[in-house]
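Enquirer: sequence and predicted structure, then a few things I'm wondering about:
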Amino acid sequence: MGLKIKGNEMKIRILGNSIRVRLTKSEVRALWEQGQIEESTAFTTNTLVYCVKQHGLAELQVDFKDNQIILLIPQLMADALYNTQKVGFENNLGPVSILIEKDFACLDRKAEDQSDHYPNPLSNL
């Protein structure tokens, strides 16, 4: 199993045939250092697990099996997320569109702890 970071939860959005994942600073660091992160949602009869794993291929991929959504990110992309200002990566070529990106602080939700989010580039406007 992958690293589950306490206090931070990977955000996943599914809309039709598209999956969008937002990662906090700690999650990006853990993905880069550990090679994998995961989160889960417990339902009454089953648990949905979603994880992001590094792999050696050239593009983002996604699969669903055994109640797991597995997002595969190339090692070079995971490195760029951690070590550069790159905001995210996407792949729209398969049956499911994939977007993995950094989670920016919201400008309108001050009550939520956003200390582990990336600074919102619009906050200075």
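Expert: All right, it came through fine. Numbers count the residues shown, from 1 in each chain.
Enquirer: and the top strand by length along the chain, how far out from the chain middle?
Expert: Longest strand of the chain, by residue count under DSSP state E: strand 47-55. Centroid separation between strand 47-55 and its chain, computed with C-alpha atoms, centre = their mean, to the nearest Å, is 9 Å.
Enquirer: same question, stretch 62-73
Expert: For stretch 62-73, the distance to the chain centre is 12 Å (C-alpha atoms, centre = their mean).
Enquirer: picking that back up, which other helices and strands does the longest strand of the chain contact?
Expert: strand 18-23, strand 36-42, strand 68-74, helix 75-83 (3 or more C-beta pairs under 8 Å, 6 or more residues apart in numbering; DSSP states H and E). Glycine gets a C-beta too; all of them are placed from N, C-alpha and C.
Enquirer: list the buried residues for the last one?
Expert: Okay, so that is helix 75-83. By neighbour count on 16 or more other C-beta atoms under 10 Å, the buried set for helix 75-83 is 77-78, 80-82.
Enquirer: fine, thanks again, bye for now.
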